[in-house]
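# Pasting a predicted model and its sequence here:
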Amino acid sequence: MAWKRMKMSPEIRQEYIELFDTCIVRPDRKGIVEEFINKLMRGTSHYDEVQAATKVPWYVVGLIHGMESYFDFGTHLHNGDSLSRRTWNEPKGRPPASVGDPPFSWVISAIDALQYDRLTAWDDWSVAGICYKMEAYNGWGYRNHQINSPYLWSMSNHYTKGKYTVDGHFNPDVISDQVGAITALKKMTDDKLVALSAQKVVDAEA
């Protein structure tokens with residue numbers, strides 16, 4: 001089965017919950033994960049502004065920002081391209097002309113990125129809901145290789161190796177050197193920086 005788009009199901013929801021509940025930061029990566037979280041927390045004023053406009057939780061905005069550009073406020077949230085022009089990597093041409101002309105502010109571009117990926121229409125910000133949308137943001141391709149996505153789980157006990165080094169090219173021997181978004185989120189909840197909503201038993205589509 002080729003995973004191009006996945007519907008949330010009770011089974012997938014339970015998978016995410018179990019992975020999150022048992023997620024442990026690898027001891028030799030603890031400092032890197034803590035540095036990632038510290039950088040995220042320094043940007044909360046920007047993430048709060050985006051949350052106010054989109055209803056997407058500030059910490060989800062921050063996690064995406066860290067994953068796409070390692071917290072560089074001079075880049076598009078869509079993919080890390082420079083804010084000096086519209087995006088030229090996928091998704092190309094964002095924000096559209098209706099939003100205005102470059103250079104764009106980080107907040108304006110971030111709002112467009114969340115609208116483009118339909119996060120603004122999502123209201124399940126439970127553990128499973130966040131995992132689902134974060135995996136959708138990066139793509140379902142890792143499921144074709146029977147591994148947990150490093151975009152979510154890198155530097156935790158749920159990921160060992162295997163990575164898409166460029167779009168469409170998977171190398172089973174490469175180890176991601178990027179902090180997994182949900183690895184960081186689990187540490188944030190353990191440290192009581194974030195309080196997640198209760199699990200919601202609903203089916204939804206991305």
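On my side now, so go ahead. Numbering: from 1, shown residues only.
# who's in contact with the least confident helix or strand in the chain by mean pLDDT?
Every helix and strand in the chain was compared by mean pLDDT, DSSP states H and E; the lowest is strand 163-166, with a mean of 89. For strand 163-166, contacts defined as Cβ atoms under 8 Å, 6 or more residues apart in numbering pick out 139, 141-142, 150, 170-171, 174-176. (Glycine included, C-beta is placed from N, CA and C.)
# ok, and for that strand, which residues are buried?
Of the residues in strand 163-166, 163-164 count as buried by neighbour count, 16 or more other Cβ atoms under 10 Å.
# in its sheet, what does it sit against?
Within its sheet, strand 163-166 is paired with strand 169-171 (antiparallel), according to DSSP bridges.
# Would you convert the contacts of strand 163-166 into JSON lines that also reports neighbour count and distance to Ala110?
Below are these laid out as JSON lines (neighbours: other Cβ atoms under 10 Å; distance: Cβ to Cβ, whole Å):
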{"residue": "Gly139", "neighbour count": "16", "distance to Ala110": "20"}
{"residue": "Gly141", "neighbour count": "16", "distance to Ala110": "24"}
{"residue": "Tyr142", "neighbour count": "22", "distance to Ala110": "25"}
{"residue": "Pro150", "neighbour count": "27", "distance to Ala110": "23"}
{"residue": "Phe170", "neighbour count": "15", "distance to Ala110": "29"}
{"residue": "Asn171", "neighbour count": "12", "distance to Ala110": "30"}
{"residue": "Val174", "neighbour count": "13", "distance to Ala110": "29"}
{"residue": "Ile175", "neighbour count": "13", "distance to Ala110": "29"}
{"residue": "Ser176", "neighbour count": "19", "distance to Ala110": "24"}
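# Which residue, other than its chain neighbours, is closest to Tyr159?
Of all residues not flanking Tyr159 in the chain, Trp153 sits nearest, at 4.2 Å (Cβ to Cβ, 6 or more residues apart in numbering).
# Tell me how far the one you found lies from Asp173.
18 Å (Cβ to Cβ, to the nearest Å).
# neighbour-wise, which of these two wins?
Taking neighbours as other Cβ atoms under 10 Å, Trp153 and Asp173 compare with Trp153 leading, 25 against 7.
# any weak-confidence spans in the chain?
1-5, 197-206 (pLDDT under 70).
# could you redo the last one with a cut-off of 90?
Flagging of the chain using pLDDT under 90 yields the residue ranges 1-7, 137, 165-168, 195-206.
# ok, and the closest non-adjacent residue to Phe104?
Leaving aside its sequence neighbours, Phe104 sits nearest to Leu83 (Cβ to Cβ, 6+ apart; 4.9 Å).
# go on, Phe170?
In this structure, Phe170 finds its nearest non-sequential neighbour in Tyr164, 5.2 Å apart by Cβ to Cβ, 6+ apart.
# before we move on, back to that, now the two most distant members of the contacts of strand 163-166.
Of all pairs drawn from these, the greatest distance, 18.7 Å, lies between Gly139 and Ile175 (Cβ to Cβ).
# Now do stretch 160-173: distance to the chain's middle.
Computed by Cα atoms, centre = their mean, to the nearest Å, the separation of stretch 160-173 from the middle of its chain amounts to 18 Å.
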